[in-house]
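Asks: Give me the fold of what follows.
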Amino acid sequence: MTTHLYHQQAGIGLRTPHLDYFDQYRPKLGWLEIHSENYFQPYSHARKIVSSLREDYPISCHGIGLSLGSIEPVNQAHIKQLKTLVDDIEPFLISDHLSWSENGGYYFNDLLPLPYTEEALAVFCRNVMQVQDALKRPLLIENPSSYVKFEHSTISEWDFLVEVQKRTQCRLLLDLNNIYVSSFNHGFSCDEYLAAIPADKVDEIHLAGFTVKQLDKGEIWIDTHSRPVSDEVWALYSNWLAQGGPKHTLIEWDLDIPEPNVLLEEAGKAAQLLINHQTEQKVAS
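Replies: Next comes the predicted model:
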């Protein structure tokens with residue numbers, strides 16, 4: 001596996017429609033992120049391609065199924081499959097979400113929000129530790145987008161996330177689009193959120209697009225990952241670079257997936273901002 005990219009560059013989320021394209025053309029790009037659960041089958045066509053791609057690209061494994069916020073301990077079979085994938089692919093980052101998606105054996109096709117309470121914090125940390133102990137690797141925990149909040153929450157989302165990091169020694173994945181979307185839906189400040197996050201604990205940034213929905217009771221923003229990154233989120237990213245420094249940066253696009261060149265162009269914008277920041281830092285020093 002190549003190791004040229006362990007300084008911060010831009011990558012894209014590799015989705016099934018683009019597997020054969022990347023396998024054939026190997027475009028110049030910093031890194032690729034896969035959804036872990038899509039590659040659990042060791043002899044699948046997709047797994048074979050990713051095993052080949054890892055020779056040219058650093059790979060990140062991004063989970064959507066650990067359900068770290070569920071009251072039950074994490075499913076052992078799921079952990080075993082993840083560990084087998086990690087041992088095979090040797091990803092440079094492994095991540096999952098501040099959310100839950102399973103209860104009593106029932107699985108939901110969504111990343112559901114947590115109540116931000118001391119009880120939920122203890123459960124979430126227990127589950128993160130369970131996975132990290134099995135993998136012998138730290139997880140990156142990603143902040144969610146959300147559309148409802150619990151009246152009995154006693155902790156802000158950013159303080160909850162920071163406390164998870166302190167208690168488990170995990171790392172953080174900041175999705176700036178999620179912060180922007182949730183800030184509108186819940187009326188908090190993006191600046192307040194980001195100011196609370198310790199930059200030295202963040203290893204990755206996600207950038208994506210969102211959709212505005214008009215409902216009977218007003219407007220809501222949905223993190224659809226189906227559009228280019230908005231100007232506002234690019235501005236938030238530039239501000240983060242100035243305050244928090246460069247991090248591995250990913251373009252996500254999950255619905256209405258465009259041709260690969262569209263994603264590569266979006267990644268190119270992030271790459272240019274990273275280069276600009278690094279140049280400014282050199283000039284300043």
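
Asks: got a list of what residue 140 touches?
Replies: 93, 94, 95, 96, 170, 171, 172, 173, 203, 204 (C-beta atoms under 8 Å, 6 or more residues apart in numbering). For glycine as for every other residue, the C-beta is placed from the backbone atoms N, C-alpha and C.

Asks: how about 10 Å then?
Replies: Counting by C-beta atoms under 10 Å, 6 or more residues apart in numbering, residue 140 touches 60-63, 93-97, 165, 170-174, 201-204, 248.

Asks: Which ones among those residues lie within strands?
Replies: With DSSP state E as the criterion, strands contain 60-62, 93-97, 171-174, 202-204, 248 from among the contacts of residue 140.

Asks: ranges for the helices of the chain?
Replies: In the chain, the helices defined using DSSP state H lie at 19-25, 45-53, 76-89, 118-135, 157-168, 176-186, 190-196, 231-244, 260-284.

Asks: I'd like these written out as JSON lines, with distance to residue 214, mean pLDDT and mean neighbour count added.
Replies: What follows is these, written out as JSON lines (distance: least, C-beta to C-beta, whole Å; pLDDT from 0 to 100; neighbours: other C-beta atoms under 10 Å):
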{"stretch": "helix 19-25", "distance to residue 214": "36", "mean pLDDT": "97", "mean neighbour count": "14"}
{"stretch": "helix 45-53", "distance to residue 214": "37", "mean pLDDT": "97", "mean neighbour count": "16"}
{"stretch": "helix 76-89", "distance to residue 214": "38", "mean pLDDT": "97", "mean neighbour count": "16"}
{"stretch": "helix 118-135", "distance to residue 214": "32", "mean pLDDT": "98", "mean neighbour count": "17"}
{"stretch": "helix 157-168", "distance to residue 214": "25", "mean pLDDT": "98", "mean neighbour count": "18"}
{"stretch": "helix 176-186", "distance to residue 214": "13", "mean pLDDT": "94", "mean neighbour count": "21"}
{"stretch": "helix 190-196", "distance to residue 214": "23", "mean pLDDT": "97", "mean neighbour count": "15"}
{"stretch": "helix 231-244", "distance to residue 214": "19", "mean pLDDT": "96", "mean neighbour count": "17"}
{"stretch": "helix 260-284", "distance to residue 214": "26", "mean pLDDT": "91", "mean neighbour count": "15"}
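
Asks: So for residue 222, which of the ones you listed sits nearest?
Replies: Ranking these by proximity to residue 222 (C-beta to C-beta) places helix 176-186 first, at 7.2 Å.

Asks: before we move on, back to that, wait, which of the ones in strands among the contacts of residue 140 is closest to residue 76?
Replies: For these, the nearest to residue 76 is residue 96 (15.9 Å; C-beta to C-beta).

Asks: shouldn't the closest one be in contact with residue 142?
Replies: Yes. Using C-beta atoms under 10 Å, residue 96 is in contact with residue 142, at 7.0 Å.

Asks: These two: which is more packed in?
Replies: residue 96 (26 against 23; other C-beta atoms under 10 Å).

Asks: so what's that one up against?
Replies: 36, 61-68, 74, 82, 111, 127-128, 131, 139-142, 170, 173.

Asks: can we see that at 6 Å?
Replies: By C-beta atoms under 6 Å, 6 or more residues apart in numbering, residue 96 lies in contact with 63, 66, 68, 139.

Asks: Adding distance to residue 44, pLDDT and neighbour count, write those residues out as CSV.
Replies: Below are the contacts of residue 96 laid out as CSV (distance: C-beta to C-beta, whole Å; pLDDT from 0 to 100; neighbours: other C-beta atoms under 10 Å):
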residue, distance to residue 44, pLDDT, neighbour count
63, 17, 96, 22
66, 20, 95, 26
68, 25, 96, 26
139, 24, 98, 26
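
Asks: ok so, going back, switch the helices of the chain over to JSON lines; also include distance to residue 10.
Replies: Conversion of these to JSON lines gives the following (distance: least, C-beta to C-beta, whole Å):
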{"stretch": "helix 19-25", "distance to residue 10": "15"}
{"stretch": "helix 45-53", "distance to residue 10": "17"}
{"stretch": "helix 76-89", "distance to residue 10": "20"}
{"stretch": "helix 118-135", "distance to residue 10": "26"}
{"stretch": "helix 157-168", "distance to residue 10": "23"}
{"stretch": "helix 176-186", "distance to residue 10": "13"}
{"stretch": "helix 190-196", "distance to residue 10": "19"}
{"stretch": "helix 231-244", "distance to residue 10": "11"}
{"stretch": "helix 260-284", "distance to residue 10": "4"}
